[in-house]
Every structure is written in C-alpha cells, then in structure tokens.
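>>> Attaching a predicted model along with its sequence, questions to come.
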Amino acid sequence: MVFFVLSGFFVGGSILSRGDHFRFANYLLARLSRLWVVLIPALVFTYLMDQVLADSYPQILSGEYYSILNSGPYPSKEYSSSISTFFANAFFLQKIYAPVFGTNGPLWSLTNEFWYYILFPFIMIVMGRVNASFKRRLIIGLLLLFIVYFIAQSLLVGFVIWLLGVIVHVAYYKQQSTYSLWFVVVSFGLFMVSLVDSKMSIIHTTLNIPSDLFVGILFSLFLISINNKSVSSRYRKYIAGFSKWLSEISYTLYLFHFPIVMLIYAIFYSKRQLTLNSYGVIQYFLWMITIFSVSYALWWVFERNTSKVRQFFKARIIKN
C-alpha cells in the first residue's frame, strides 16, 4: 500500500505536471521499458531458482511450509511455472487470469501497478485534462470501460489508494507554509498504528474501513507532513543521497528478492525459522545485506540500462 501511494505520487504526479505536453505513446514506452527490462530477467531468474527447489526441495513448491513462507506457494493453490503463466505475468495479468509465476509471490502487486499506470492517463484524457480530439476521447473511453470490466474490477480499491498519492502530489506543490514537528510525529505515529492494526483488525473494522485503505490514508497524511522546508539542508543532503540509491535499486530488489529468500530458506533453514535472539538478529541482517548486494549486482546488469533500451525503441517506434 505504501508503494501504491508512492507510485501515484511519482507517476500520477508526473502526468499532472506535463498537462497538455503529455504524450501517451512516449509515456507507455517509458513505463513498459522500465517494467520489462527488469521483469523479464526476473521471471527467468525465478524459473531457474525454482528448478533448484524442484530438484532438491519439492516440498516448498507444494506449499508444505506456507505457514513460514507466507508469500510462497500454498497447498490450496496450484503452483505454476508454465510458459502460459510466464507470458501472463509478463503482460501483467497475474492474479486476474493466471497465478503469479513460480514462487515469486510478491509479483501480485505488479498487476495493480501496471493497470493503474494505464487507468489514470485514460481518465485524464476522457476528462479533458489532456488535449485530445473527440474521436480519440471516445476510443479511450471505450478502452477504459473494457479494462475496468474485464481486467481491473478487483483492483479498484487499490486504485483509490494509488490516487491518494496523486492527491499528495497536488498538496506538495500547493503547500505554502511548513508544518510543525508535532504534525510529523503524530502522522507517523498514526501510520504505525495503521500497520499494526492491519494485522490486529480492531480500528479499521470498528470504523468499517478496509485495512489497505486505512494504511493508505494515514501514510498519505505522513507524506504530506514530511514536506517540511524547515528541515536542515545538511540532513536533507544525507537523506537525499540514501534515498536516491535505494530508489534506484528498489524495483530490482522488489522483483528478485523473494526467489533468493526461498533459496536461502531451502538451503539453510528448511522446516524451521530464525530464533529471535542476538544470533538470529545477526543472521537476519547478514542475509539482508546479501540480498541487497545481489540485487545491486542485478540492477547493474539490467535496470541500469533502462534509458538505453528506451532510447533504442523510441528511435524505431515513435516518430517525432
């Protein structure tokens, strides 16, 4: 839900910022190049990791350890690494017309992301926020109805959360004054409460608000609070440097991390979990450093070259 809000902020906000200069063909090429440059290798990587698991640890693929690996395969659902599932995931149809590919459970949310990328600019075109002829608006409107009915019906609550990020973007650029530190502290505290409550189901159930929406609303409030121009520029420099590095590898980390986790679990922890003690915490952080390091190497091979891939296809597909 945090990623949905951030995605709405950055992607939806960029569409609003472009206004009449927005060009859907350029936008779609930018989105697809960013997504596919990492996604296709990640699907192949998942397949290779799963082959190791299938040969030596088949009980993981059958869902025997789902109570521990709660994003992995589980018994009541069919595990699939077929070619049809591969292409369904490549075209962002997992959890709609196909399961996620192999053991890579976190791929479910990429479906949401992609179709939100399509829904929002379509809505902007139909509403007249982007210049387009009547004929084009009519065609886009029909496509919008088709996507909502046949693909995105189950994704609409998440789309509301994504749109909260767009609202935060608008609030950022209309903000004239700074907020007090208390607003930051209180909004962060409420966001933490929403995360805990997403597991305990007390507050959002009492208020009759879906858990995901509850988290999205309070994270959006926190995002608005941290747009504080009174923060020391020295701290801003350090925060910006770390944030830039993390943002660069975050997509690669997201798509590749879980097959690595599954392999680590199979080889080192099969049938058990880390114990919450000093030794367990040290192991946890060492594995986390390992996963970040592998993800960085994979980023260097694939995602780092996204702009080159985009320019290559832009020169051949889109006529200026």
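The structure has been received and is ready for your questions. Residues are numbered from 1 along each chain as shown.
>>> Help me confirm that Gly141 comes into contact with Val126.
Yes. Between Gly141 and Val126 there is a contact at 4.8 Å, judged by Cβ atoms under 8 Å. Bear in mind the C-beta positions are built from the backbone N, C-alpha and C, glycine included.
>>> Same drill for the two, tell me which one is more crowded.
For Gly141 versus Val126, neighbours defined as other Cβ atoms under 10 Å are more numerous around Val126 (19 against 15).
>>> Let me know the pLDDT of the more buried one.
With respect to pLDDT, Val126 scores 93.
>>> close enough to count as contact, it and Leu143?
No. In terms of Cβ under 8 Å, Val126 does not count as a neighbour of Leu143; the distance is 9.6 Å.
>>> just checking, what packs against the helix or strand of the chain with the lowest mean pLDDT?
In the chain, no helix or strand scores lower on mean pLDDT, DSSP states H and E than helix 203-206, which sits at a mean of 79. Counting contacts by 3 or more Cβ pairs under 8 Å, 6 or more residues apart in numbering; DSSP states H and E, the secondary-structure elements packed against helix 203-206 are helix 181-200, helix 211-225.
>>> Can you tell me which of those helices is most buried?
Greatest average neighbour count among the helices and strands packed on helix 203-206 goes to helix 211-225 (a mean of 21), per mean count of other Cβ atoms under 10 Å.
>>> Residues touching it, excluding its own?
1-2, 4-5, 9, 157-158, 160-161, 164-165, 167-168, 171-172, 175, 179, 183-184, 187-188, 190-191, 193-195, 197-198, 201, 203-204, 207, 209 (Cβ atoms under 8 Å, 6 or more residues apart in numbering).
>>> Tell me how far the nearest residue to Gln283 once chain neighbours are set aside lies from Trp287.
What sits nearest to Gln283 in space, not counting adjacent residues and going by Cβ to Cβ, 6 or more residues apart in numbering, is Leu274, at 5.9 Å. To Trp287, Leu274 is 9 Å away according to Cβ to Cβ, to the nearest Å.
>>> can you check Tyr57 too?
Tyr57 is 17 Å from Trp287, by Cβ to Cβ.
>>> now do Ser82
Ser82 is 30 Å from Trp287, by Cβ to Cβ.
>>> Settle it for me: which of the two has more neighbours?
Trp287 (17 against 13).
>>> Extract the residue ranges of this protein that are flagged as low pLDDT.
For the chain, applying pLDDT under 70 flags the ranges 176-179, 228-239, 318-320.
>>> Helix, strand, or coil at the residue nearest to Gln283?
Using DSSP: H, G, I helix; E, B strand; the rest coil, the structure places Leu274 in coil.
>>> Neighbours of the nearest residue to Lys95 once chain neighbours are set aside, how many?
Spatially, and ignoring its direct neighbours in sequence, Lys95 is nearest to Trp108 (4.8 Å; Cβ to Cβ, 6+ apart). Neighbour count for Trp108, taken as other Cβ under 10 Å: 15.
>>> hang on, Trp108 is in a helix, isn't it?
Yes. Checked against three-state DSSP, Trp108 lies within a helix.
>>> ok, now how distant is it from Leu93?
Taking Cβ to Cβ as the measure, Trp108 and Leu93 are separated by 11 Å.
>>> now Leu61
Taking Cβ to Cβ, one finds Leu61 at 22 Å from Leu93.
>>> Check Thr275 too.
Counting by Cβ to Cβ - Thr275 and Leu93 are separated by 40 Å.
>>> Between the two, point out the one with more neighbours.
Comparing Thr275 with Leu93 by other Cβ under 10 Å, the one with more neighbours is Leu93, at 16 against 10.
>>> got the buried residues for stretch 244-259?
For stretch 244-259, burial by neighbour count (16 or more other Cβ atoms under 10 Å) applies to Ile249, Ser250, Tyr251, Thr252, Leu253, Tyr254, Leu255, Phe256, His257, Phe258, Pro259.
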